[in-house]
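Novice: Build the 3D model from these lines:
(one chain, ligands or ions: 1)
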Amino acid sequence: MDLGLQNKVAVVTGASRGLGLAIAESLAREGCKLAICARGKDGLEAAAEKLEKLGAEVLSLSADITDPDAHGRLIGATVDRFGRLDVLVNSAGGNRRGRFTELDDQAWDEILDLNFKAHVRMTRSAVPHLSRVSGAVLFIASIFGREAGGPGLTAYNSTKSALISLAKIMALELAEHGVRVNSLAPGSIRFPGGSWDRRCLEDPQAMEEFVDRNLPLGRFGRAQEIGDVAAFLCSERASWITGACLNVDGGQSRALF
Ligand SMILES: NC(=O)c1ccc[n+]([C@@H]2O[C@H](COP(=O)([O-])OP(=O)(O)OC[C@H]3O[C@@H](n4cnc5c(N)ncnc54)[C@H](OP(=O)(O)O)[C@@H]3O)[C@@H](O)[C@H]2O)c1
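Specialist: Numbers count the residues shown, from 1 in each chain. Okay, here's the model as predicted:
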C-alpha cells in the first residue's frame with residue numbers, strides 16, 4: 001500500500017533514538033523529508049545519517065523542547081528549509097517515577113513541561129503551517145495514559161492521559177481546517193539502549209516473568225512496529241481517522257476502550 005507520503009514534510013521530536021527515530025525511519029522509507037530534534041548532538045547526527053541513507057532529506061536541530069523558544073526555532077527552520085509542513089509527531093518524552101507523596105512541585109513541573117506543555121507549544125507553532133489537505137498531528141502517549149500503570153506512575157500517567165485528551169479535542173477544533181489529530185499508545189517496546197532493554201539486561205529473570213504475565217504475544221514490542229503504525233496514522237491512507245487513540249501493544253493493555 002502506498003501511504004501517499006512521498007515528498008511530504010514531517011517534524012519528529014525526540015528522533016535521535018528509540019521510538020522517535022523508528023517513526024522518522026518509517027516516514028523516510030515512505031519518502032518524507034524530515035526535520036528532527038533532540039538535545040544530544042551526537043545522537044542527532046547519527047540519526048540524521050541513518051535517515052539520509054534511507055533517501056530522506058534531513059534537517060536536524062539540537063534543541064531542548066522544554067525551552068520556550070525551541071518550538072519556534074524548529075518549526076521556523078523546517079518551513080524555511082522545505083517550504084511546507086504536513087506532519088508533526090510529538091514523540092520526545094520521559095518518565096518521572098515516584099509515589100505521589102514523594103513528588104514535589106519541581107518534579108511535577110519538569111514532567112509536565114517535557115511530556116505535555118512542550119508538545120502543546122510545538123503543536124501551536126506548527127498548526128498555522130500545516131497543510132490543509134494532508135496536515136496530521138500525532139502525539140506519542142502510552143497505554144498508561146488509558147489505564148492504571150501502577151504505583152509510582154502518577155506523574156507519567158497523568159501527562160499521557162492529558163495528551164490523549166488534548167488530541168481528542170484538538171481533532172474537533174482542527175477538523176474544519178483539514179488537519180487530523182491522533183494519539184498512539186505504545187505498550188512496552190524494547191530496543192537497544194532503551195529503558196526496557198536496560199531492565200532486561202539488569203534482571204533477565206524478572207523481565208521474563210514480566211513478559212509472561214503482561215505480554216500475550218510473548219515478547220516486547222519492536223520500535224519499528226510503532227514507527228510503521230505512526231507513519232500510517234500520519235498518512236492519507238488514514239484520512240478518516242481523527243481524534244483516535246490507537247493502542248500498539250501486542251494485547252498488553254487491559255482496558256476495553
Ligand atoms: N519505550 C517504550 O516502551 C514506550 C512505551 C510507551 C510510551 N513511550 C513513549 O514514547 C516516546 C519515546 O520513548 P522512547 O522509549 O523512545 O524514549 P527514549 O529512548 O528515552 O528517547 C527519547 C528521545 O527524546 C529525546 N528527548 C528527551 N528529552 C528531550 C528534550 N527535553 N528535548 C528534546 N528531545 C528530548 C531524546 O534525545 P536526547 O536525550 O538527546 O534529548 C531521544 O531522542 C516517549 O514519549 C515515551 O513516553 C515509550
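
Novice: Quick check: which element contains Arg132?
Specialist: Following DSSP states H and E, one finds Arg132 outside all helices and strands.

Novice: just for the stretch 101-250 of the chain, where's the confidence low?
Specialist: Judged by pLDDT under 70, the stretch 101-250 of the chain has no weakly predicted residues.

Novice: Contact residues of the stretch 51-200 of the chain facing the ligand?
Specialist: 64-66, 91-94, 114, 140, 142, 186, 188-189, 194-196 (Cβ under 6 Å from any ligand atom). (C-beta placed from N, C-alpha, C; glycine too.)

Novice: Show me how far stretch 100-118 is from its chain's centre.
Specialist: 19 Å (Cα atoms, centre = their mean, to the nearest Å).

Novice: got the end-to-end distance for it?
Specialist: From its first residue to its last, stretch 100-118 covers 23 Å (Cα to Cα, to the nearest Å).

Novice: center of the chain, which residue is that?
Specialist: The centroid of the chain falls nearest to Ser91 when counting by Cα atoms, centre = their mean (2.4 Å).

Novice: rewinding a little: mark which of the residues of the stretch 51-200 of the chain next to the ligand are buried, thanks.
Specialist: 65-66, 91-93, 114, 140, 142, 186, 188-189, 194, 196 (16 or more other Cβ atoms under 10 Å).

Novice: Just those residues: which are in strands?
Specialist: Among these, the ones falling in strands (DSSP state E) are Ile140, Pro186.

Novice: What are the boundaries of the helices in the stretch 51-200 of the chain?
Specialist: Per DSSP state H, counting those that start in this stretch, the stretch 51-200 of the chain carries helices over the ranges 70-82, 105-112, 118-126, 154-174, 195-202.

Novice: Of these, flag the one that's most buried.
Specialist: Compared across those, helix 118-126 shows the largest average neighbour count, a mean of 21 (mean count of other Cβ atoms under 10 Å).

Novice: Show me what it is packed against.
Specialist: Counting contacts by 3 or more Cβ pairs under 8 Å, 6 or more residues apart in numbering; DSSP states H and E, helix 118-126 is packed against strand 9-13, helix 70-82, strand 87-90, strand 136-140, helix 154-174.

Novice: Which one of those lies nearest to Asp42?
Specialist: Asp42 sits nearest to strand 9-13 of all the helices and strands packed on helix 118-126, at 17.6 Å, using Cβ to Cβ.

Novice: who's in contact with the closest residue to the ligand within the stretch 51-200 of the chain?
Specialist: Nearest to the ligand in the stretch 51-200 of the chain, going by Cβ to the nearest ligand atom, is Gly93, at a distance of 2.3 Å. Counting by Cβ atoms under 8 Å, 6 or more residues apart in numbering, Gly93 touches Gly14, Leu114, Asn115, Ile140, Thr159.

Novice: To which secondary structure element is Gly43 assigned?
Specialist: Using DSSP H and E, Gly43 falls in helix 41-53.

Novice: could you dump that helix to PDB, C-alpha only?
Specialist: Extracted in PDB, the C-alpha atoms of helix 41-53 (Å, rounded to 0.1, in the frame of the first residue of the first chain):
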ATOM      1  CA  LYS A  41      24.100  16.500  19.100                       C
ATOM      2  CA  ASP A  42      26.000  13.100  18.600                       C
ATOM      3  CA  GLY A  43      22.800  11.000  18.700                       C
ATOM      4  CA  LEU A  44      21.100  13.500  16.400                       C
ATOM      5  CA  GLU A  45      23.900  13.400  13.800                       C
ATOM      6  CA  ALA A  46      23.900   9.600  13.800                       C
ATOM      7  CA  ALA A  47      20.100   9.600  13.400                       C
ATOM      8  CA  ALA A  48      20.300  12.100  10.500                       C
ATOM      9  CA  GLU A  49      22.900   9.900   8.800                       C
ATOM     10  CA  LYS A  50      20.600   6.800   9.100                       C
ATOM     11  CA  LEU A  51      17.700   8.700   7.700                       C
ATOM     12  CA  GLU A  52      19.800  10.100   4.800                       C
ATOM     13  CA  LYS A  53      20.800   6.600   4.000                       C
END
